[in-house]
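Q: Sequence isn't available, so here's the structure alone:
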């Protein structure tokens, strides 16, 4: 598999392999297939399903997503199921004391965008999740914030929120693409322009204050969601107008 | 019920009434109770459940959320169920041709923050959703973006994503509170200040251009995530410096 092909697949569809480790209930597997398809995911891998395979209850519960069930791949063990995966996420209810990178599901979209190659996301058993040996195989851990006093999510809801976030991120990226997103260079030129003009006014006063204030200002503008190239030009127009106007 | 009490409840817990209109399957009601509790929602109202009430299947499927099931209120009709609701959302899979305000579930948190009093969110039947008469009672419609070719979400997943968004928004607000978030008034004073200075420079040229450019500029600054009061003051300091400096 060439690197280019991998990146292309990843960027075009946000497609991941949803990997269920020893799921117990057919109705959960069916509900997972359905919510995957709602959010344009299609690759389901199942490791050692408790009730065997095929599973009529899974087929019944999948409703219009029977294709996801029929195309599901079944494995005897996790090692085989993840053999071709380049980047593996594990999902857990709580942060565990492991030397791993963590991301909340809210930040999964941007985090996923930094991965390369085939991506898999593991979900554990209904009654006890993933064990530490399984989690150890992952590159990174996804957590879903819930009420800490009632944190056990139904597995199909956990899959649903993960797929929702991936789909939403992809939709936002698509919108961003059509709006001609600002590049890092656009933003750097804007900061150069702004700091240069502010410098002339004596705004920064001392080198220490320059360091502190320029960092604060960078921090503000870097948090504008999906800033476009045209918007940066608008901001630069504002600087020009304010700076060049002679009040006297 | 006093207004102050309403606002307090609303702001403290992001608590809404989850209103199921004529749900069919007990297992869905149970799954809804569970996902509600995962995300700290507790008020379940059920209008005309098909299989009557109590429903053993709902109790069984709710797992640890039996309290949500036991405290659920049952109504014969929607009018009675929403009699005390001040702001009502309806959920639909697609945008319908109705004269209503729409919000995607992704923007529900900020939208919810603008509501006052008791808030309810209606979910329709498993097989056909809410009808137009029911939707007409709502103040606003929540849509959940999915693959348009497979948009029918399981009702418990729809409730789950709504509750997830409300919970996530609340968590972010809590984080934001420690950072002294900017108010709408802070932002309006900033815009007044900026537009006033730009006006003096002739930046806007014509009333039409004023309308267009001021909207663009508002749009840019309104997208800064978790802008704090201090950061607005920093931006106003930048305006003062640029505008008052005499280049001659």
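A: Noted; the coordinates are in hand. What you are looking at is a predicted structure, and each value in this text was computed from that prediction instead of being measured.
Q: tell me the angle the helix or strand that residue A:162 is a member of makes with helix B:155-178.
A: Element membership for residue A:162, per DSSP states H and E: helix A:155-178. Interaxial angle, helix A:155-178 versus helix B:155-178 (axes from the mean of the first three to the mean of the last three Cα atoms, to 10 degrees): 70 degrees.
Q: ok, helix A:155-178 near chain B or not?
A: Yes - applying Cβ under 8 Å from any Cβ of the partner chain, one finds helix A:155-178 in contact with chain B at A:156-157, A:160-161, A:164, A:167-168, A:171. (Each C-beta comes from the backbone N, C-alpha and C, glycine too.)
Q: just stretch A:138-152 next, same as before
A: Yes - Stretch A:138-152 lies within reach of chain B by Cβ under 8 Å from any Cβ, at A:145-147, A:150-152.
Q: Tell me the predicted confidence for the closest residue in space to residue A:242 that isn't next to it in sequence.
A: Counting by Cβ to Cβ, 6 or more residues apart in numbering or on different chains, residue B:242 is the residue found nearest to residue A:242 once chain neighbours are left out, at 3.8 Å. For residue B:242, the pLDDT comes out at 90.
Q: now swap in residue A:226 and tell me
A: 76.
Q: was I right about it contacting residue A:174?
A: No - between residue A:226 and residue A:174 there is no contact under Cβ atoms under 8 Å: 11.0 Å.
Q: Tell me which of those two has more neighbours.
A: A count of neighbours by other Cβ atoms under 10 Å in any protein chain shown puts residue A:226 above the other of residue A:226 and residue A:174, at 14 against 10.
Q: From residue B:224, how far out is the more buried one?
A: Separation of residue A:226 from residue B:224 (Cβ to Cβ, to the nearest Å) stands at 12 Å.
Q: now residue A:110
A: Counting by Cβ to Cβ, the gap from residue A:110 to residue B:224 is 17 Å.
Q: which one of the two has more residues nearby?
A: residue B:224 (21 against 13).
Q: on that earlier part again, sec struct for the residue nearest to residue A:242, please.
A: Using DSSP: H, G, I helix; E, B strand; the rest coil, the structure places residue B:242 in helix.
Q: Show me which residues of stretch A:186-197 are buried.
A: A:186-187, A:190, A:193-195, A:197 (16 or more other Cβ atoms under 10 Å in any protein chain shown).
Q: where do the helices sit along chain A?
A: A:3-13, A:26-38, A:56-61, A:66-70, A:78-81, A:108-113, A:132-136, A:155-178, A:184-201, A:207-221, A:229-244 (DSSP state H).
Q: Using a markdown table, lay out those together with distance to residue B:45.
A: Below are these laid out as a markdown table (distance: least, Cβ to Cβ, whole Å):
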| stretch | distance to residue B:45 |
| --- | --- |
| helix A:3-13 | 39 |
| helix A:26-38 | 24 |
| helix A:56-61 | 26 |
| helix A:66-70 | 33 |
| helix A:78-81 | 43 |
| helix A:108-113 | 32 |
| helix A:132-136 | 39 |
| helix A:155-178 | 21 |
| helix A:184-201 | 48 |
| helix A:207-221 | 43 |
| helix A:229-244 | 44 |
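Q: Buried deepest among those, which one?
A: helix A:26-38 (a mean of 26; mean count of other Cβ atoms under 10 Å in any protein chain shown).
Q: angle of that helix against helix B:155-178?
A: Using the same axes, to 10 degrees: helix A:26-38 against helix B:155-178 is 70 degrees.
Q: Tell me if helix A:26-38 is near chain B.
A: Yes - Helix A:26-38 lies within reach of chain B by Cβ under 8 Å from any Cβ, at A:27, A:31, A:34-35, A:37-38.
Q: Check the gap between residue A:125 and residue A:25 for me.
A: Distance from residue A:125 to residue A:25, by Cβ to Cβ: 10 Å.
Q: Residue A:145 reaches residue A:104, doesn't it?
A: Yes - using Cβ under 8 Å, residue A:145 makes contact with residue A:104 at a distance of 6.0 Å.
Q: can you pull the contacts of residue A:90?
A: Taking Cβ atoms under 8 Å, 6 or more residues apart in numbering or on different chains, we find residue A:90 in contact with A:121-122, A:130, A:134-135, A:137-138, A:140-142.
Q: circling back: between the helices of chain A, which gets nearest to residue B:83?
A: Ranking these by their distance to residue B:83 (criterion: Cβ to Cβ) puts helix A:155-178 first, at 30.8 Å.
Q: and the closest one, what does it pack onto?
A: strand A:17-21, helix A:26-38, helix A:108-113, strand A:119-123, helix B:26-38, helix B:155-178 (3 or more Cβ pairs under 8 Å, 6 or more residues apart in numbering or on different chains; DSSP states H and E).
Q: repeat that for 7 Å
A: Helix A:155-178 sits against helix A:26-38, helix A:108-113, strand A:119-123, helix B:155-178, with contacts defined as 3 or more Cβ pairs under 7 Å, 6 or more residues apart in numbering or on different chains; DSSP states H and E.
Q: For residue A:37, give its distance to residue A:126.
A: 21 Å.
Q: pretty sure residue A:40 is touching residue A:166, no?
A: No - with contact defined as Cβ atoms under 7 Å, residue A:40 does not count as touching residue A:166 (8.5 Å).
Q: Which helix or strand in chain A has the lowest average pLDDT?
A: helix A:3-13 (a mean of 40; mean pLDDT, DSSP states H and E).
Q: What residues does residue A:224 make contact with?
A: The contact partners of residue A:224, by Cβ atoms under 7 Å, 6 or more residues apart in numbering or on different chains, come to B:220, B:223-224.
Q: How about residue A:243?
A: Residue A:243 neighbours (Cβ under 7 Å, 6+ apart): A:197, B:242.
Q: Name the residues of stretch A:130-149 that come out as buried.
A: Result for stretch A:130-149 [16+ other Cβ under 10 Å]: buried residues A:130, A:134-135, A:138, A:140-146.
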